[in-house]
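Trainee: fold the following.
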Amino acid sequence: MSRLSTYMAQNKSRFIDELMDFISIPSVSALPEHGHDVERAALWVKSKLEKIGMENCQLLETGGHPAVYADWCHARHKPTIMIYGHFDVQPADPLELWRQPPFSPIIEDNRIIGRGASDDKGNMLIPIIALEALLATCDSLPVNVKCLFEGQEEIGSPQMPELIANHRDLFACQMVFNADSVQWSPDQPALILGLRGLVGIQIDLYSASQDVHSGTFGGTFLNPIHALANLVDSLHNPDGSVAVAGFYDDVKPISETELELFKKVPFDETALMNKLGVEKLWGETGYPPLHRAWYRPCLDINGIWGGFQGNDLKTIIPASAHAKLSCRLVPDQHPRRILDLLKAHLEKKCPDQVRIKLSQFESTALPYRISHDHPGNLIAARVLSEIYNRTPLHIRMGFSVPICGWFLKYLKAHTIGFGFGLDDECIHAPNEFFRLSSFEKGQQAWCRLLQELGGVAPES
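Mentor: The predicted structure follows:
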């Protein structure tokens, strides 16, 4: 065994214990009562980076949840890369569906179960372990490395764009490697060529000054829930396309090269229906499901409410009705333009018998894409091929990682996804888990990636 492999084997149990400790911090960025826990997780990360020999370790204040920075920049004539991840997690609700307390992680069937195990604490810790192993066995790194780990990704990274814009020199790098990423399956690697962007809005409709008796006043004025139902229905055409004027104007078509890569991705429509628990799929006519999820924008209602929600019947006409909706965007759509188009549609379609208020959510993300032959992707493909003994698929994903668009805008640096989560690991849901096999495989891959980036041959 090489010194690196020996070090990994000797410290395997400690690495797992550290991950358990990391997961036990309830760093839920969306809940104000856990603000101190997000900071506690940031301090945990900073301390870990200091212990392994990274330099200039610091908490960066953002005006919201903090970020952690560290670097090691002594590899002369070598490129500088950024490693990115996030230490905040989603709320654990509904708690009653967890098999154990979500922040008391356990190991079962070679899986570590706990909130944040896969998204993103397990994946985020992997490159830190790789840095530790290389520094411990070689006293140096084969490439210059900067680390930026944030505590607000799960709420859309609202303060991160300004942080990056204001610290361009500190964060300057040739490319970014994102630990908040996935592989296709336990034995099939993948490289992500695109992510959808995000913009969201809340609709509030108001009519009477208060809830009123439906017997006394029914039929005399427009029920705001009726108005909201019609307004929401106006957002889609019968063929499943979005009915907002101009919504598709800036959608960039897929290149022929990527379309050929897309055709190599296996897809089972029945398996998807079984996974979702639905009897039939739905979406924009003329595009297969995987195409719709990766290459087409969409608009969804994320929540809707109004009136009486308790048991039995309360015969009222409510004074207000509300809905939250979001749009997933693709290149070259821009959140601000889509928001303006959406507002114009809603204001035009809203009946004048009710008052409308539209509020944008703070969380936004630019859509992101990267070429399959970007130098970072080519290196990552070589590493993944070695680790998995299979050629990576080239895929897109329908979700957003907001930071990727900001790195490209402000640092002119593309982001390469290099994480080891899998889509069955219940992220954002009860009983989230991370495979310990992926945890170990990821450490090997990150060590090899850093060596490849520095042009260093691995030890035999």
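
Trainee: quick one: buried residues of stretch 139-154?
Mentor: Across stretch 139-154, burial judged by 16 or more other Cβ atoms under 10 Å covers 141-154. In short, each C-beta sits where N, CA and C put it, glycine included.

Trainee: how about the helices in the stretch 251-400 of the chain?
Mentor: Using DSSP state H, counting those that start in this stretch, the helices of the stretch 251-400 of the chain run over 256-262, 269-276, 289-295, 335-349, 375-388.

Trainee: where does this structure dip in pLDDT?
Mentor: 1, 456-460 (pLDDT under 70).

Trainee: how is it carved up into domains?
Mentor: 3-195+367-453, 197-251+297-360 (automatic domain parsing).

Trainee: contacting residues for the spatially most central residue of the chain?
Mentor: Nearest to the mean C-alpha position of the chain, by Cα atoms, centre = their mean, lies residue 401 at 4.2 Å. Contact analysis of residue 401 by Cβ atoms under 8 Å, 6 or more residues apart in numbering lists 153, 178, 180-181, 195, 365, 368, 415.

Trainee: ditto for residue 267
Mentor: 288-290.

Trainee: just among these, which is most surrounded?
Mentor: residue 290 (17 neighbours; other Cβ atoms under 10 Å).

Trainee: nearest residue to that residue other than its sequence neighbours?
Mentor: residue 267 (4.9 Å; Cβ to Cβ, 6 or more residues apart in numbering).

Trainee: would you map the helices across the stretch 1-150 of the chain?
Mentor: Under DSSP H, counting those that start in this stretch, the stretch 1-150 of the chain gives helices at 3-10, 12-23, 35-52, 123-138.

Trainee: can you tell me the closest non-neighbouring residue to residue 333?
Mentor: residue 250 (5.0 Å).

Trainee: for the one you found, grab phi and psi.
Mentor: phi -100, psi 10 (degrees, to the nearest 10).

Trainee: I'd assumed residue 341 was in contact with it.
Mentor: No. Using Cβ atoms under 8 Å, residue 250 makes no contact with residue 341, being 10.2 Å away.

Trainee: quick check, residue 423 in a strand?
Mentor: No. Under DSSP: H, G, I helix; E, B strand; the rest coil, residue 423 sits outside any strand and is assigned coil.

Trainee: list the contacts of it.
Mentor: residue 182.

Trainee: helix, strand, or coil at the residue lying closest to residue 339 once chain neighbours are set aside?
Mentor: Using Cβ to Cβ, 6+ apart and skipping residues adjacent in sequence, the residue nearest residue 339 is residue 199, 5.2 Å away. With three-state DSSP as the basis, the three-state label of residue 199 is strand.

Trainee: for residue 199, give its distance to residue 371.
Mentor: 25 Å (Cβ to Cβ, to the nearest Å).

Trainee: look up how far residue 87 lies from the residue nearest to residue 290.
Mentor: Distance from residue 267 to residue 87, by Cβ to Cβ: 33 Å.

Trainee: highest mean neighbour count out of the domains of the chain?
Mentor: Mean neighbours per residue, mean count of other Cβ atoms under 10 Å, is largest over those for domain 3-195+367-453, with a mean of 20.

Trainee: now the end-to-end length of stretch 275-290.
Mentor: 14 Å (Cα to Cα, to the nearest Å).

Trainee: start the count at 73, not 1, going forward
Mentor: Noted, 73 is the first residue going forward, which turns the last one into stretch 347-362.

Trainee: run through who's touching that stretch.
Mentor: Against stretch 347-362 from outside (Cβ under 8 Å, 6+ apart): 311-313, 334, 337, 339, 341, 344-345, 364, 367-368, 370.

Trainee: now stretch 516-529
Mentor: 76, 80, 147, 150-151, 153, 198-199, 201-203, 205-206, 213-215, 217, 249, 451-452, 454-456, 458-459, 490, 492, 530.

Trainee: 6 Å - rerun?
Mentor: 150, 198-199, 202, 214-215, 451, 455, 459, 530 (Cβ atoms under 6 Å, 6 or more residues apart in numbering).

Trainee: CSV for the contacts of stretch 347-362, including distance to residue 231?
Mentor: As requested, the contacts of stretch 347-362 are arranged in CSV below (distance: Cβ to Cβ, whole Å):
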residue, distance to residue 231
311, 40
312, 36
313, 35
334, 35
337, 35
339, 38
341, 41
344, 36
345, 40
364, 32
367, 30
368, 30
370, 27
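
Trainee: tell me which two in those residues are the farthest apart.
Mentor: The distance between the two most remote of the contacts of stretch 347-362 (Cβ to Cβ) is 24.8 Å, for 311 and 337.

Trainee: and stretch 229-247, how far out from the chain middle?
Mentor: 18 Å (Cα atoms, centre = their mean, to the nearest Å).

Trainee: go on, stretch 445-455?
Mentor: 22 Å.

Trainee: what do you get for stretch 144-157?
Mentor: The answer for stretch 144-157 is 24 Å, by Cα atoms, centre = their mean.

Trainee: contacts for it, please.
Mentor: 126-127, 192, 196, 199, 213, 215-221, 245-252, 526.

Trainee: quick check: end-to-end length of stretch 247-267?
Mentor: 17 Å.

Trainee: show residues contacting that stretch.
Mentor: In contact with stretch 247-267 (Cβ under 6 Å, 6+ apart) are residues 153-158, 192, 195-196, 199, 440-442, 444, 448-449, 456, 460, 462, 464-469, 472-473, 479, 485-493.

Trainee: next step: the residues you listed restricted to strands.
Mentor: Judged by DSSP state E, strands contain the following of the contacts of stretch 247-267: 153-158, 440-441, 465-469, 487-489.

Trainee: between those, which is nearest residue 385?
Mentor: residue 469 (43.8 Å).

Trainee: please name the residues that touch that closest one.
Mentor: 264, 267.
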